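# build the 3D model from these lines:
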Amino acid sequence: MSQTPWTEWVGRTEIRVDTVSATPVRAMEATLGRPPADLRTGDDVPPLWTWLFFLPLAPMGEVGPDGHPRRGDFLPPIALPRRMWAGSRCAFHGPLRIGDEITRTSTLLKVSEKSGAAGPLIFVTVQHETSVQGRPVLSEEQDLVFMNIPDRWQAPAPSPLPPCVWRETVAIDPVVLFRFSALTFNGHRIHYDRTYATEVEHYPGLVVHGPAQALLLFDAARRRHPDRRPARFSFRGVRPLFDFDAISLNGAPREDGGLDLFTANGEDAIGMQAALHWAP
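So this is what the prediction gives:
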């Protein structure tokens, strides 16, 4: 593995400014299967939906073969070709509303190299701090992992779904995946280009976005507890889910009063594991 001193990239920062507008919020509601709300300036927006803003607007000449912006600007120029959003840890500090001008300060916190069964791995942790006129709204630590593309798909060993108290099925098809990619300006071709996903990255189908699974779990939990305010939310990918899977959302209460949340395929193998904690 290259001995590039990735530590030189640690501490890099990037600041972006955006405005919370109604159209992407309404479009996400439609993508989740709900009639879009008639939103007005000042109306609340679900706290995790900051992912609809600060979009990575790389010109086409700066896009890599996988559809992501080329590395070497904010993220280090890691040569390993496969990139995945492995998980996040989020803390919610205050409301997000239509019309807010929001600022996000991103800091590259850590880069570490490891070896696994699939070969070399590079983990990158980025911290995002989002605020409205200096008032904190959301803190997120996001973990990215870079690795080689294997010669063939080999499914990870399944992690069985634990006992849960509620379950709902969710229909995921190429249109849903395309819409989520479009709303988050995520050009990663594994989510909408079946030829690329199967013949280049050797997946068995189109990959369901990790943040889409997280957002679905977060939304399902909030619908069951409309009077409670989220304080913290964390998630990590366990196993990829694909467009042909029969996908379910599952939840169980935690001893600390929060919720354990899981996506699962038709064989009840966990796709994503999450935990939601409520504010007092």
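# what secondary structure does Pro211 sit in?
Here Pro211 is helix, with the state taken from DSSP: H, G, I helix; E, B strand; the rest coil.
# tell me who's in contact with it.
51, 85, 88, 184 (Cβ atoms under 8 Å, 6 or more residues apart in numbering). From N, CA and C alone the C-beta is placed, and that goes for glycine too.
# which of those are buried? Put it as a ChimeraX command.
A single ChimeraX command selects the buried members of the contacts of Pro211 (16 or more other Cβ atoms under 10 Å):
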select :51,85,88,184
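# wasn't Arg179 part of a strand?
No: with three-state DSSP as the criterion, Arg179 is assigned helix and is not in a strand.
# contacts only, for it.
27, 31.
# so where do the strands sit in this protein?
Secondary structure of the chain by DSSP state E: the strands cover 13-19, 44-45, 82-92, 96-97, 101-116, 119-132, 135-147, 166-170, 230-237, 247-253, 259-264, 270-278.
# deepest-packed of these, please.
Counting by mean count of other Cβ atoms under 10 Å, strand 259-264 has the highest mean neighbour count of the strands of the chain, with a mean of 25.
# and that strand, C-alpha only, in CSV?
The C-alpha trace of strand 259-264 is given here as CSV (Å, rounded to 0.1, in the frame of the first residue of the first chain):
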residue,chain,number,x,y,z
LEU,A,259,-34.8,2.9,19.8
ASP,A,260,-32.7,0.3,18.0
LEU,A,261,-33.5,0.3,14.3
PHE,A,262,-32.6,-2.0,11.5
THR,A,263,-33.2,-2.5,7.8
ALA,A,264,-33.3,-6.1,6.6
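# re the thing from before, least confident of the contacts of Pro211?
Among those, Trp85 has the lowest pLDDT, at 94.
# leaving aside the residues next to it on the chain, what's closest to that one?
Spatially, and ignoring its direct neighbours in sequence, Trp85 is nearest to Gly210 (4.7 Å; Cβ to Cβ, 6 or more residues apart in numbering).
# Thr184 too?
That would be Trp51: by Cβ to Cβ, 6+ apart, it lies 5.7 Å from Thr184.
# tell me the contacts of that neighbour?
Neighbours of Trp51 in contact, by Cβ under 8 Å, 6+ apart: 184, 211, 215.
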